[in-house]
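Colleague: Provided below are the primary sequence and the corresponding predicted coordinates.
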Amino acid sequence: MQNFFRHIGHVIYRIWFYLLVAIPILLIFPFLFIFSISERTYPQFFWLARNIWAKFILYGMGCFPKIEWEQKLEKGKSYMLVANHTSMLDIMLMLKVSKTPFVFVGKKELVKIPVFGFFYKRVCILVDRESSRSRVGVYRRAQKRLNEGSSICIFPEGGVPDETLILDKFKEGAFKMAIAHKIPIVPITFYDNKKRLPFTFLSGCPGVLRVKVHAFVETGILCEEDKLTLREEVRETILCELEKGVKK
């Protein structure tokens with residue numbers, strides 16, 4: 001009986017999350033629509049997504065971010081933001097971390113999500129991982145957004161890893177792109193997102209969301225041949241922090 005009521009609580013918690021995702025989008029739909037029409041108005045769209053949509057969800061779920069900075073992001077600079085990917089809260093928490101606009105690079109399958117998918121396909125850089133032509137197009141679109149002053153965010157695991165893994169292997173795309181565009185990589189560790197709202201349905205609970213923004217990794221003197229070494233260096237930084245976080 002105790003397990004039954006626990007499962008009911010998890011179902012309610014999950015449904016509540018989906019409602020929190022949809023409600024602010026519906027309430028401010030006209031503004032989101034207008035600001036998503038042009039890339040020139042993306043900073044306004046980002047402000048709404050960060051300060052209304054993301055906060056509404058995080059605090060509504062009883063999840064309170066606690067961010068530790070080894071190095072601060074500077075206004076007017078572009079970065080490659082990379083973090084471990086374990087939860088649907090990752091998107092909202094990344095928005096909370098960065099005050100300056102960035103654009104997600106994500107898989108095209110997410111456009112199928114009702115309400116959220118409508119804006120996702122309008123403001124994100126979509127990639128079809130099965131298409132080499134699509135992957136090449138990402139670099140061109142990313143350069144355009146960088147020229148406009150935005151940063152880029154990629155979850156380099158390329159998807160959500162198995163629940164038994166602390167951190168999956170990283171794809172090379174984010175690191176190849178950072179080297180090509182000569183922008184610093186910002187490694188970010190999300191400690192608690194898997195505990196707060198994992199992709200496993202009957203699980204999750206409110207609580208603190210700890211984040212660590214690590215010292216940036218400069219790419220200005222690197223060449224494409226360095227991408228694999230860079231990839232492993234950044235992965236090791238996040239993995240070590242996750243392993244320490246489990247012990248806390």
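Modeller: Yep, it's here.

Colleague: tell me which residues in the longest helix seen in the chain are buried?
Modeller: Longest helix in the chain by number of residues (criterion: DSSP state H): helix 2-27. Neighbour-count burial for helix 2-27, counted by 16 or more other CB atoms under 10 Å, picks out 10, 13-14, 17, 20-21, 24-25. Every residue, glycine included, has its C-beta placed from N, CA and C.

Colleague: just stretch 215-228 next, same as before
Modeller: Buried positions in stretch 215-228, judged by neighbour count with 16+ other CB under 10 Å: 216-217, 219, 222, 227.

Colleague: thinking again about what came up before, give the other helices and strands that the longest helix of the chain contacts.
Modeller: Counting contacts by 3 or more CB pairs under 8 Å, 6 or more residues apart in numbering; DSSP states H and E, helix 2-27 packs against helix 55-60, helix 116-123.

Colleague: hmm, try it at 7 Å
Modeller: Helices and strands touching helix 2-27, as assessed by 3 or more CB pairs under 7 Å, 6 or more residues apart in numbering; DSSP states H and E, comprise helix 55-60.

Colleague: Just the CA trace of the helix it packs on, in PDB.
Modeller: In PDB, the C-alpha atoms belonging to helix 55-60 read as follows (Å, rounded to 0.1, in the frame of the first residue of the first chain):
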ATOM      1  CA  LYS A  55      11.800  29.900 -13.300                       C
ATOM      2  CA  PHE A  56       8.000  29.000 -13.300                       C
ATOM      3  CA  ILE A  57       8.900  25.400 -13.900                       C
ATOM      4  CA  LEU A  58      11.900  25.000 -11.500                       C
ATOM      5  CA  TYR A  59      10.300  26.800  -8.600                       C
ATOM      6  CA  GLY A  60       6.900  25.300  -9.300                       C
END
